[in-house]
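Asker: Dropping the sequence and predicted coords here.
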Amino acid sequence: SMDSQDIEYRSDDGLKLFARQYGRDDASHTVLCLHGLTRNHKDFEPMIAALGGDRRYIAWDTRGRGRSARDPVTDNYRNDVYANDVVRLMDELSLDKVTLVGTSMGGLISMILMNMIPDRISGVVLNDVGPKLEQAGLDRIAGYVGAFAPYDSFEDAAKAVEASQKMAFPDYEQEDWLAFAHRTFVQTARGVELDYDEAIADSLKHIRIDEQAIALGWQLFAAIKQRPLLIVRGEISDLFSEETAGEMIAKHGSATEVVVPRIGHAPIMDEPEAVAGIEQFLTSIEEAAS
């Protein structure tokens, strides 16, 4: 029901990138939404519809996903490059300050941005992600990323999504899986295909959960101490542990956490618990700014 408009811009290296805005240009609060590894801007439409409010939401397609161009240089499929693309988008739209909502990979990009442009961020929502990731979750994701045969219909795609994601969404029904498929697949001349560059699967091969990676994660996370933080965690997530969330809260000092029951990696954030927590968080940022 919110007005939406398309945003097209170019990255520093000339790639055509896409985002969609929901809500009014002149809203006093802009919420910038950064999706996970294989997703796109549509991932946030259920959350935005549930939240609404007098805000501007901007949901972005990372390079290689959705309506953003595929990158011929696949080595550019990296979080530091994506973070630069976000800054470029903010500059393009003259956004002085935003609240970041980052799901999974989008949360890791949010942590990088807190180190790059802290003064332009008023708060951060990290959805089912933190400085330390669990190898079991990464292995599961690596198992289904890049399975690229086209399907004949969205119904067939929905069955495939259910097969790979049932563990994370045990209570989903057929209509939920169909909606999920419509957010993550696209109709092409070849059929119904995943809406991202299959070369992205290669970037997963380089991820190792070693001491060095975890130390770097905590180092990046430290910058968030300066800003309000909300952690959203799926109760049955295999990527983001209760222990890591607890450590983040202790280190931050004033972070809040919302646990979404019977959901794994990653909550869609239209679940009642997530909506209530995010609404409260965004309202508190608005009150502090007024």
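Answerer: Yep, it's here. As the structure is a prediction and not an experimental result, all values here were calculated from the model. Numbers count the residues shown, from 1 in each chain.
Asker: Helices along this structure, start to end?
Answerer: All helices of the chain, identified by DSSP state H, fall at 45-51, 79-92, 105-116, 135-144, 154-165, 174-184, 200-204, 211-221, 242-252, 272-289.
Asker: Most tightly packed of these?
Answerer: Highest mean neighbour count of the helices of the chain: helix 105-116, a mean of 23 (counted as mean count of other CB atoms under 10 Å). In this view, the C-beta of every residue, glycine as well, is placed from N, C-alpha and C.
Asker: Between helix 79-92 and that one, find me the angle.
Answerer: 70 degrees (axes from the mean of the first three to the mean of the last three CA atoms, to 10 degrees).
Asker: Who are the packing partners of helix 105-116?
Answerer: Applying 3 or more CB pairs under 8 Å, 6 or more residues apart in numbering; DSSP states H and E, one finds that helix 105-116 contacts strand 30-34, helix 79-92, strand 98-103, strand 121-127, helix 211-221.
Asker: Can you check which of these gets nearest to D139?
Answerer: Closest approach to D139 among the helices and strands packed on helix 105-116 is made by helix 211-221 (15.1 Å; CB to CB).
Asker: Would you confirm that V129 contacts I109?
Answerer: No: with contact defined as CB atoms under 8 Å, V129 does not reach I109; the gap is 9.9 Å.
Asker: what's the overlap in contacts for those two?
Answerer: Common neighbours of V129 and I109, counting by CB atoms under 8 Å, 6 or more residues apart in numbering, are G102.
Asker: Now do the contacts for the closest residue in space to G130 that isn't next to it in sequence.
Answerer: If the residues on either side of it in the chain are set aside, G130 comes closest to T244, at 4.6 Å by CB to CB, 6 or more residues apart in numbering. Applying CB under 8 Å, 6+ apart, we find T244 in contact with 130-132.
Asker: Return the member of these nearest to L51.
Answerer: G130 (22.8 Å).
Asker: unless I'm mixing things up, the closest one is touching F240, no?
Answerer: Yes: assessed by CB under 8 Å, G130 is found in contact with F240 at 5.8 Å.
Asker: neighbour-wise, which of these two wins?
Answerer: Neighbour totals were compared for G130 and F240, and F240 leads with 27 against 22 (other CB atoms under 10 Å).
Asker: Quick one: residues contacting the nearest residue to the more buried one once chain neighbours are set aside.
Answerer: With sequence-adjacent residues excluded and distances taken as CB to CB, 6+ apart, F240 is closest to D128, at 4.7 Å. Residues in contact with D128 (CB under 8 Å, 6+ apart) are 103-104, 107, 232-234, 237, 239-240, 265-267.
Asker: So which of those are in strands?
Answerer: Counting by DSSP state E, these place 103, 232-234 in strands.
Asker: now for those, which pair is the farthest apart?
Answerer: Most distant of the ones in strands among the contacts of D128, by CB to CB, are T103 and R233, 11.7 Å apart.
Asker: Need the per-residue pLDDT for the residue nearest to F240.
Answerer: On pLDDT, D128 comes in at 98.
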